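> coords please:
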Amino acid sequence: MNDMRRIVEPRWVAALCGSLAITLGAFSAGAQGSRDVLTASIEAAVVEEGLVGATWALVTPEGTTIGAAGLKDASRQRTMSPDDRVQVGSVAKALLATGVLRLVTLGRIDLDAPLAQYLPDVPIENRWEPESPLRVRHLLDHTGGLDDARMWQVFSLRADPDAPLRDGLTHPGGTLRLRHRPGERFSYSNTGYLLLGMLVETVTGTRYETWLDAELLAPLGMTRSTFAFVTQTGPEADPRLAMGHFDPKSTSAAVPIHVRPASQLTTTAADMARFASFLMGDGVADGRTLVDGKLLRGMSVATTTEAARGGLAAGYALGLARRDRHGVVGRCHLGNLGTFRSAICLYPEQQRAFFVAFNSDPEDGRFDRVDALLVDALGVTSPSLQPVRAPGVDPTEWEGFYRVRPNRFEQFAYLDELMGVTRVRWDGEELHLEPLAGSARALTPMGGELFRAPDRREATHVLLRTSEGTPTVSDGLRTLERVSAASVWRLWLSAVVGVVALAYLVAAGAFRVVNALRRGEWRNEPLRWPVLCLLLLVVAPGLYLTQSFLAIGDQTPANMVVAVLSGLLPIALLVGAAQRVRAGVDTLRARLDLGAIAGLLQWYAVLAAWGLAPLVLWR
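Presented below is the predicted three-dimensional model:
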């Protein structure tokens with residue numbers, strides 16, 4: 001630890017001095033001292049968490065403070081400045097939502113109108129259409145039942161920033177399928193916000209980027225921000241835009257994505273402070289009403305979902321989520337791009353807010369550490385801790401196995417069904433949520449159907465039942481629905497059999513194939529084709545090292561090879577089974593071979609039923 005401190009101390013001092021120079025003279029001596037402490041603390045967190053660089057803004061009744069720490073470009077060792085531009089990922093949704101609310105205020109969009117009224121040509125499969133059409137509000141609230149996004153919509157190097165938004169919605173002939181009744185449950189959807197971008201273009205008759213820049217950002221004085229595509233390289237590169245990083249050493253310039261309305265925004269900390277101040281105000285900007293104040297106050301206040309009707313305040317609405325963290329409750333939105341991560345949180349009752357952006361997004365980085373520092377610097381008052389009360393229902397009726405309904409990414413629903421299982425258990429005092437993957441939580445009853453996690457100030461979960469009587473548990477942003485233990489064990493058993501069969505064929509089969517080659521008896525080994533196909537599938541992922549991670553949803557050589565090999569696997573297995581039968585099945589080894597082939601074939605059939613076999617990542 002001492003060696004690490006010696007290594008990072010020079011950079012820490014340089015960043016601190018740079019920040020002091022930028023903010024010198026802007027604040028009183030007392031305020032300056034507190035900012036020094038904050039900058040030093042964030043600088044230390046950035047280094048220790050591998051976050052490369054950060055820029056932030058604090059909004060209080062006394063004014064706005066901006067700051068920066070770390071590096072804007074690790075490859076060139078360039079220091080982050082408070083006025084550097086950053087990308088914010090999904091925080092862009094809060095601004096797009098505000099733009100839609102601007103159109104609602106102007107009377108050009110009706111929040112509760114069916115989406116089909118504005119976008120009649122969008123193919124949507126909604127089996128609840130007669131009584132529950134997909135409405136504009138549902139898109140803003142992420143309650144439309146839409147899939148989040150496909151790999152090709154997010155991870156692609158073939159997206160065009162000037163392409164029509166419709167091109168990023170579905171492949172030709174594709175249909176958007178709703179997975180639950182619109183309005184009932186939250187399920188985050190980038191596709192929904194792509195539709196909102198299309199809605200803005202239909203209503204205004206111009207590109208959504210152009211309209212929002214002129215009609216939202218300009219009136220707010222956000223002169224350094226734009227919804228248009230901006231990158232750090234090429235002939236039109238912006239030298240003030242911080243470079244993104246996959247990790248502390250790997251830089252990555254911005255690339256366009258197909259669902260750009262959901263996450264494409266370039267901005268500064270100062271501009272985001274202006275946006276935060278506007279959201280906490282009465283909707284007036286530049287001397288005119290930009291957004292109806294009632295609509296702004298409705299942001300983060302869920303109204304249509306089962307959880308909201310059950311009395312849970314936690315939820316998402318009109319572009320913001322209610323977030324209970326660090327001992328305070330705010331209206332927030334988080335964002336990440338794989339190379340950037342950001343957060344904006346508002347505390348309107350106290351007229352305080354913060355914005356922070358990091359130009360990296362490591363999986364093990366503790367971003368909440370910086371959030372906590374900013375909350376502490378704001379001096380936000382904690383709400384009263386809601387008291388513990390005996391439950392008004394019998395929690396034992398909710399015990400059992402649960403799965404997320406609906407899951408976020410339909411393309412990978414099988415993995416959620418397999419690994420996203422949570423056991424719910426009542427011990428007489430607390431309700432335990434014990435996920436197969438993740439940390440267990442013990443919830444304290446708060447009366448009625450409401451429960452609270454130990455590190456929160458207010459209720460975080462509510463116990464509900466579907467119209468069919470099925471028990472569910474919701475935290476406002478995710479709904480767990482009870483499933484039969486048999487369905488869980490069947491899927492697990494299928495996977496275990498498949499994995500064991502795969503291991504047998506790769507290990508024992510490969511050993512026998514190699515020996516057969518040495519003896520010149522390749523044609524006499526019944527498992528030669530299954531083993532060859534499996535070995536190629538094991539080696540093929542190495543091809544991904546030759547391409548960018550951002551191209552994982554494109555038709556790259558690596559993806560095509562994996563798709564072809566995974567498509568040939570069942571054929572190779574059937575051929576192997578036929579050859580094994582012809583060679584004789586009266587030995588233990590022969591029966592093991594056939595059992596392994598059958599075990600892997602059944603697993604392949606399950607994967608195929610869930611759309612994961614053959615593995616085609618660009619569809």
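
> who touches Asp160 in this structure?
Residues in contact with Asp160 (Cβ atoms under 8 Å, 6 or more residues apart in numbering) are 167, 256. (Glycine included, C-beta is placed from N, CA and C.)

> Is it in a helix, a strand, or coil?
Under DSSP: H, G, I helix; E, B strand; the rest coil, Asp160 falls in the coil class.

> Could you report the pLDDT at it?
Listed pLDDT for Asp160 reads 96.

> how close does it sit to Leu196?
20 Å (Cβ to Cβ, to the nearest Å).

> Also Asp110?
Asp110 is 14 Å from Leu196, by Cβ to Cβ.

> Those two: which is more packed in?
Legend: neighbour count by other Cβ atoms under 10 Å for Asp110 and Leu196, higher for Leu196 (24 against 14).

> returning to what we had before: got any residues that touch both of Asp110 and Leu196?
With contacts taken as Cβ under 8 Å, 6+ apart, Asp110 and Leu196 have Val136 as neighbours in common.

> Tell me the buried residues in stretch 571-579?
Buried residues in stretch 571-579, counted by 16 or more other Cβ atoms under 10 Å: 572-573, 575-577, 579.

> burial of Leu505, as a residue count?
Applying other Cβ under 10 Å, we find 23 other residues in the vicinity of Leu505.

> Equivalent analysis for Thr204, please.
When counting by other Cβ under 10 Å, one arrives at 17 neighbours for Thr204.

> so it sits right up against Trp211, yeah?
Yes: counting by Cβ atoms under 8 Å, Thr204 does reach Trp211; the two are 4.6 Å apart.

> can you give me the offset of stretch 324-335 from its chain's centre?
Distance, stretch centre to chain centre, for stretch 324-335: 16 Å (Cα atoms, centre = their mean, to the nearest Å).

> no, scratch that, I was asking about stretch 230-242
Counting by Cα atoms, centre = their mean, stretch 230-242 comes out at 26 Å from the chain centroid.

> what's the answer for stretch 362-381, then?
19 Å.

> Need the contact partners of it.
Contacts for stretch 362-381 (Cβ under 8 Å, 6+ apart): 34, 38, 41-42, 45-46, 49-51, 54, 56, 58, 60, 247-248, 325-328, 330, 341, 343, 345, 347, 350, 352-354, 356, 358.

> Now the terminal residues of that stretch, how far apart.
Taking Cα to Cα, to the nearest Å, the first and last residues of stretch 362-381 lie 31 Å apart.

> what's the answer for stretch 500-516, then?
Terminal residues of stretch 500-516 are spaced 23 Å apart (Cα to Cα).

> Ok, stretch 339-356 next?
Length of stretch 339-356, first residue to last, Cα to Cα: 14 Å.

> Could you find the closest non-adjacent residue to Leu217?
Spatial nearest neighbour of Leu217, excluding adjacent residues (Cβ to Cβ, 6 or more residues apart in numbering): Ser225 at 5.2 Å.

> Ok, Gly174 next?
The shortest distance from Gly174 to any residue other than its chain neighbours is 7.1 Å, reached at Pro123 (Cβ to Cβ, 6+ apart).
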